[in-house]
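**Q** with the sequence up front, the predicted model follows.
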Amino acid sequence: MTSRLVFASLFLAGTAAAQAPGAYAPDYATAPTQAPGEVAPTPASVSVATPVNAEVNPMANRFAIGLNFGGFSIAPEDAPEGSETEFRIAELAVRFRATRRLEFFIAFTGGRQVLEDDTDGDLAYDMVTLGARLRFMPDRRWNWFLLAGFGSTLIAPHDTPEELRDDLRRGHAMFGVGVERRFRHLAIEAEFRGISVEARDEMDVVLDGRGDAMSSQELGGGQFTLGASYYF
């Protein structure tokens with residue numbers, strides 16, 4: 001009996017000595033995958049490039065569709081004060097944000113002349129503009145911007161035949177300023193633009209004997225609109 005106890009004690013001691021203190025067989029189900037000495041990332045150690053105190057992520061929704069309504073007045077550059085031709089207008093714009101501050105857009109604007117008695121006049125107006133917006137506080141719900149663009153303008157009697165419209169178009173340039181209140185996907189805005197329409201040679205197309213719809217001189221005008229945009 002004593003010899004058996006001695007044999008068992010020697011066997012257990014030999015087994016314990018075969019494995020060095022602190023050495024264990026690897027557990028492949030839980031072994032770390034990073035290299036030795038590498039610290040595994042934790043949620044607290046991951047940094048996110050978000051501006052401090054940002055209220056809006058301007059790059060989250062980079063496309064927008066805007067719809068604006070307002071007024072437009074225009075006259076020859078040397079016309080006396082108060083002789084402007086007035087129009088009620090609507091505008092549809094599609095915009096793309098290239099960077100946090102810079103947006104590009106295409107805008108389609110149109111309207112009808114309005115007379116002093118608030119009735120429709122004979123003239124109609126449409127404008128196509130390619131332009132850009134430069135935003136100064138893109139991460140804020142209240143932000144303001146400058147904009148500039150160029151395109152083509154048509155001011156002619158509303159019943160001008162389609163085949164004559166291209167002959168009556170003139171180039172234009174515009175510069176403006178606006179302010180926007182941004183919500184999550186929706187925004188409301190106010191915008192003012194100054195517009196210059198190029199002069200052209202004397203008209204070589206007669207519109208039902210009425211002659212030119214507007215002076216062939218350079219035209220200058222202003223446009224004010226209120227509207228809303230949807231970001232997606």
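**A** Good, I have the coordinates.

**Q** list the buried residues of the helix or strand encompassing Ile155.
**A** In this structure, Ile155 sits in strand 142-157 according to DSSP states H and E. Buried positions in strand 142-157, judged by neighbour count with 16 or more other CB atoms under 10 Å: 143, 145, 147, 149, 151-157. Heads up, the C-betas are built off the backbone N, CA and C, glycines and all.

**Q** now, among these, which is nearest to Ser196?
**A** Nearest to Ser196 among the buried residues of strand 142-157 is Thr153, at 9.9 Å by CB to CB.

**Q** so Asp126 touches Gly151, yeah?
**A** No: contact criterion CB atoms under 8 Å: Asp126 and Gly151 do not qualify, at 10.3 Å.

**Q** mutual contacts of these two, please.
**A** Taking CB atoms under 8 Å, 6 or more residues apart in numbering as the contact definition, Asp126 and Gly151 share no neighbouring residue.

**Q** sorry, back to before: ok, then the element right after the strand holding Ile155?
**A** On the C-terminal side of strand 142-157, the nearest following helix or strand under DSSP H and E is helix 162-168.

**Q** buried ones in the next helix or strand after that following helix?
**A** Per DSSP H and E, the first helix or strand lying C-terminal to helix 162-168 is strand 170-182. For strand 170-182, burial by neighbour count (16+ other CB under 10 Å) applies to 170, 172, 174, 176, 178, 180, 182.

**Q** output these as TSV; include the columns distance to Gly82 and pLDDT.
**A** As requested, these are exported to TSV (distance: CB to CB, whole Å; pLDDT from 0 to 100):
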residue	distance to Gly82	pLDDT
Arg170	23	93
His172	23	97
Met174	23	97
Gly176	23	98
Gly178	27	98
Glu180	32	98
Arg182	38	96
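
**Q** what segments of this protein are strands?
**A** All strands of the chain, identified by DSSP state E, fall at 63-76, 85-97, 102-114, 120-135, 142-157, 170-182, 186-197, 219-231.

**Q** sheet partners, orientation included, of the shortest one?
**A** Sheet pairing here is set by DSSP bridges, and for strand 186-197 it gives strand 170-182 (antiparallel), strand 219-231 (antiparallel).

**Q** is it possible to get JSON lines of these that adds distance to Gln113?
**A** Converted to JSON lines, the strands paired with strand 186-197 look like this (distance: least, CB to CB, whole Å):
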{"stretch": "strand 170-182", "distance to Gln113": "17"}
{"stretch": "strand 219-231", "distance to Gln113": "13"}
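
**Q** which of these sits closest to Thr109?
**A** Here strand 219-231 is closest among the strands paired with strand 186-197 (CB to CB), at 7.8 Å.

**Q** contact partners for Arg135?
**A** Neighbour list for Arg135: 58, 100-103, 143-145 [criterion: CB under 8 Å, 6+ apart].

**Q** and Leu226, how close does it get to Asp117?
**A** According to CB to CB, to the nearest Å, Leu226 and Asp117 sit 24 Å apart.

**Q** same check on Leu168?
**A** Leu168 is 27 Å from Asp117, where distance means CB to CB.

**Q** give me the more crowded residue out of those two.
**A** Taking neighbours as other CB atoms under 10 Å, Leu168 and Asp117 compare with Leu168 leading, 19 against 5.
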